[in-house]
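K.L.:
below are the sequence and a predicted model; questions follow.
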There are 2 protein chains.
Amino acid sequence: MAQQHLDPTDPVARPVTGDALAGYLRAQATEFLRALRLHREAGGTAAGANGAGEPVDAARALRRSVRRISGSLHTFRPLLDADWSERMRPELAWLSGTLALEYACQARLERLLLALHRLSGSAADFPAQAGTRTEAATDRGNLTVGAAKAGALLDRQLTLARTRAHSTALQALGSSRFHAVADNIAVLASEVPLVKTATVTDLRPLATAAEERLTDAVTALPLVTAGHPYNAEALIHGLSPDPAPHPQDTPWHQVRLLLRLHRYAREVLYGETAPVDVRLLAAGQALDRHRDASEAAAAAAQAARTPRIAPATAYALGVLHADQRHEVEGARFAFQRAWQKEAVSTS
Amino acid sequence: MAQQHLDPTDPVARPVTGDALAGYLRAQATEFLRALRLHREAGGTAAGANGAGEPVDAARALRRSVRRISGSLHTFRPLLDADWSERMRPELAWLSGTLALEYACQARLERLLLALHRLSGSAADFPAQAGTRTEAATDRGNLTVGAAKAGALLDRQLTLARTRAHSTALQALGSSRFHAVADNIAVLASEVPLVKTATVTDLRPLATAAEERLTDAVTALPLVTAGHPYNAEALIHGLSPDPAPHPQDTPWHQVRLLLRLHRYAREVLYGETAPVDVRLLAAGQALDRHRDASEAAAAAAQAARTPRIAPATAYALGVLHADQRHEVEGARFAFQRAWQKEAVSTS
């Protein structure tokens, strides 16, 4: 590709036009159709359920292409047919959200069980031993019993949530709403509805605007605090009665989404062979970890509200919640570190 | 004093002999007697109970001088009459431990209530509101109720422990065992039982040996791990059934004591007007915080073992425990930072 290794901040670089966007959208649409075929061949029943194998890969590829199409429609909106674009965007958001939920439940459960395992030392093995351990409970063993019971409780709750998400996803993939989206994407694979001026319009100002939205949002983050380790900010209000006790997470989640849009815009400009920006990669991974730990902490707090649980179970869930909020704080520190590093030149 | 600003690592500096040790011990013994008089004048009944005022200052001054006499007897043992020294040391350790306990209970309670307050946001005000909040409990409010109840429980348990420690300290101060120690210290204020060679013996090798015991112990600490923020080491095994789940804390506590002995040895060499070594000061404060947070975390875990507590209370205690273990980890990071700083020249 001619525009490969192009730097959007470089004023002398040659313009990248709507053709590049059309090529990118066609490639993503083709990828979507391929993943959908794979998913259907695998019966579609096991997507994400086993955490490995082809159906999972197919489901991941579906999510991946939907996010990229959706993101590109957002960033490069002026180059695309407005009616078509406005119709597509909520449908892609619905599909993306529906497909992501099952995977998120599974990942959350794995994260929480892994953390419980770490917190319990080598003695505990959940949730299988919960019953056995209860019988042998002594005062000394209460904490481990609590950890095992907490693991069993989370396993029950998050497996149920995942099963529901799986059913919802299956229903969605069989719905007429989905077929309409898939038909639209199939059309996109051959014919992208660009506006007439698109082939002579430079994409770079739109990509730069996406990057600026990201940098503006990052500037608004409390990065100075985040750069001081053990600032204890993430656990503040951890016992607050507020049903959404961590509004402090929201701007970080927002930056995560803007970082993703910026990354997709770079893919449009530079093509598949774009050099990996390790700084963006590290920053993005830190924000993924931030989101995962934030949601895992919320799941632990939610499980602690289950009626009639044993105090030892509640105690373990409290430790687990705080541990995950600690991870949230650590992820912010990691993001701050990654972000402050000198931007790697992409030219 | 002639030996002021002397650097024990400086081979050309003039020797410091047993006279300096005798002067230091006399001064500390005099300080002990002054503090004891103040303590008796104040009735001795309120020591530490209100967290402020003269009796507290007197009790602190008593602890302070006992620790210094005890530490100097340890570090400069060869210069002191062996029989006298061996008789005194266990008595000083007993006195120091007895006097410290009440203060420790009070400080632990304050630390834990402060942490609960921070964790609950501005909504909670413990332990007073525990009752009121319970009546108005909704699902949303459960966590705050838990925090308030946890605060009330800790208040009850640690106040009881402090009251017992206070009685024990009062009994100790009225005992014949104490009077024997006080008499010995009174003698020390005028006549220090030095060995005959003490006035021509150089103290510096003994002080250097104390410093080497410190640096050896620091070398054995996991400082590389401690220097990586959010390593999650301090909370490992936080739910383990081991009754002493944090043997990892022990070498840090040991370094804290060795650092103190090193500091007292410096006071003997340099006198009262010794320049403050900010590096040692910061390292010592980090280790004090490490010890306080470690013991506060243990108190929260212990409170969670109280029979028949509500799950919300146990949950709050779990969050609190993890929060304090997080503080332990933060204190190790702070110590690592302070220790790695270039040693400030004392000359």
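P.N.:
Ah, there it is.

K.L.:
for the residue of chain A found nearest chain B, what are its contacts?
P.N.:
Closest approach between chain A and chain B, counting by Cβ to the nearest Cβ: A:G318, at 2.4 Å. The C-beta positions use only the backbone N, C-alpha and C, and glycine is treated the same way. Contact analysis of A:G318 by Cβ atoms under 8 Å, 6 or more residues apart in numbering or on different chains lists A:A304, B:A314, B:Y315, B:A316, B:L317, B:G318, B:V319, B:L320, B:H321, B:A322.

K.L.:
ok, A:A265 next?
P.N.:
If you count contacts by Cβ under 8 Å, 6+ apart, then A:A265 has A:G71, A:S72, A:T75, A:F76, A:L206, A:A207, A:A210, A:E211 around it.

K.L.:
name the member of the contacts of A:G318 that has the highest neighbour count.
P.N.:
B:A316 (37 neighbours; other Cβ atoms under 10 Å in any protein chain shown).

K.L.:
which SSE is it in?
P.N.:
helix B:311-340 (DSSP states H and E).

K.L.:
next, the buried residues of that helix.
P.N.:
Judged by neighbour count using 16 or more other Cβ atoms under 10 Å in any protein chain shown, the buried positions of helix B:311-340 are B:311-336, B:338-339.

K.L.:
can you count the residues close to A:L269?
P.N.:
26.

K.L.:
element containing it?
P.N.:
helix A:250-270.

K.L.:
could I have that helix exported to CSV, CA atoms only?
P.N.:
What follows is helix A:250-270 as a C-alpha-only set of coordinates in CSV (Å, rounded to 0.1, in the frame of the first residue of the first chain):
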residue,chain,number,x,y,z
THR,A,250,-15.8,6.2,34.0
PRO,A,251,-13.3,8.6,32.4
TRP,A,252,-10.8,5.7,32.2
HIS,A,253,-13.3,3.5,30.5
GLN,A,254,-14.0,6.4,28.1
VAL,A,255,-10.3,6.7,27.3
ARG,A,256,-10.1,3.0,26.6
LEU,A,257,-12.8,3.4,24.0
LEU,A,258,-11.2,6.5,22.5
LEU,A,259,-7.8,4.7,22.4
ARG,A,260,-9.5,1.9,20.5
LEU,A,261,-11.0,4.3,18.0
HIS,A,262,-7.6,5.9,17.5
ARG,A,263,-6.1,2.5,16.9
TYR,A,264,-8.7,1.6,14.3
ALA,A,265,-8.2,4.9,12.6
ARG,A,266,-4.4,4.2,12.4
GLU,A,267,-5.3,0.8,10.8
VAL,A,268,-7.4,2.6,8.1
LEU,A,269,-4.5,5.0,7.4
TYR,A,270,-1.6,2.5,7.5
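
K.L.:
doesn't A:Q254 make contact with A:R291?
P.N.:
No: judged on Cβ atoms under 8 Å, A:R291 makes no contact with A:Q254 at a distance of 10.8 Å.

K.L.:
what residues are up against A:G23?
P.N.:
Neighbouring residues of A:G23 by Cβ under 8 Å, 6+ apart: A:G271.

K.L.:
for it, what is the enclosing helix or strand?
P.N.:
helix A:18-41.

K.L.:
got the angle between that helix and helix A:250-270?
P.N.:
Using axes from the mean of the first three to the mean of the last three Cα atoms, to 10 degrees, the inter-axis angle of helix A:18-41 relative to helix A:250-270 is 110 degrees.

K.L.:
list the buried residues in helix A:18-41.
P.N.:
Under 16+ other Cβ under 10 Å, the buried positions of helix A:18-41 are A:18, A:20-22, A:24-25, A:27-33, A:35-36, A:38-39.

K.L.:
swap in stretch A:255-273?
P.N.:
A:255-271.

K.L.:
give me the pLDDT for the residue of chain A closest to chain B.
P.N.:
We have a pLDDT of 96 for A:G318.

K.L.:
which residue, neighbours along the chain excluded, lies closest to it?
P.N.:
Spatially, and ignoring its direct neighbours in sequence, A:G318 is nearest to B:G318 (2.4 Å; Cβ to Cβ, 6 or more residues apart in numbering or on different chains).

K.L.:
distance of the one you found from B:K149?
P.N.:
From B:G318 across to B:K149, the span is 13 Å (Cβ to Cβ, to the nearest Å).

K.L.:
residue contacts, the spatially most central residue of chain A?
P.N.:
Note on chain A: the residue nearest the mean C-alpha position is A:D288, at 5.9 Å, using Cα atoms, centre = their mean. Counting by Cβ under 8 Å, 6+ apart, A:D288 makes contact with A:R256.

K.L.:
return the distance of stretch A:16-35 from the chain's centre.
P.N.:
22 Å (Cα atoms, centre = their mean, to the nearest Å).

K.L.:
what do you get for stretch A:179-191?
P.N.:
24 Å.

K.L.:
in CSV, could you pull the C-alpha coordinates for it?
P.N.:
Extracted in CSV, the C-alpha atoms of stretch A:179-191 (Å, rounded to 0.1, in the frame of the first residue of the first chain):
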residue,chain,number,x,y,z
HIS,A,179,-29.9,-11.1,9.5
ALA,A,180,-30.6,-7.5,8.4
VAL,A,181,-27.2,-6.4,9.9
ALA,A,182,-25.4,-9.4,8.3
ASP,A,183,-27.0,-8.5,4.9
ASN,A,184,-25.8,-5.0,5.2
ILE,A,185,-22.3,-6.1,6.1
ALA,A,186,-22.4,-8.6,3.1
VAL,A,187,-23.2,-5.6,0.8
LEU,A,188,-20.3,-3.7,2.5
ALA,A,189,-17.9,-6.5,1.5
SER,A,190,-18.4,-5.6,-2.1
GLU,A,191,-19.7,-2.0,-2.2
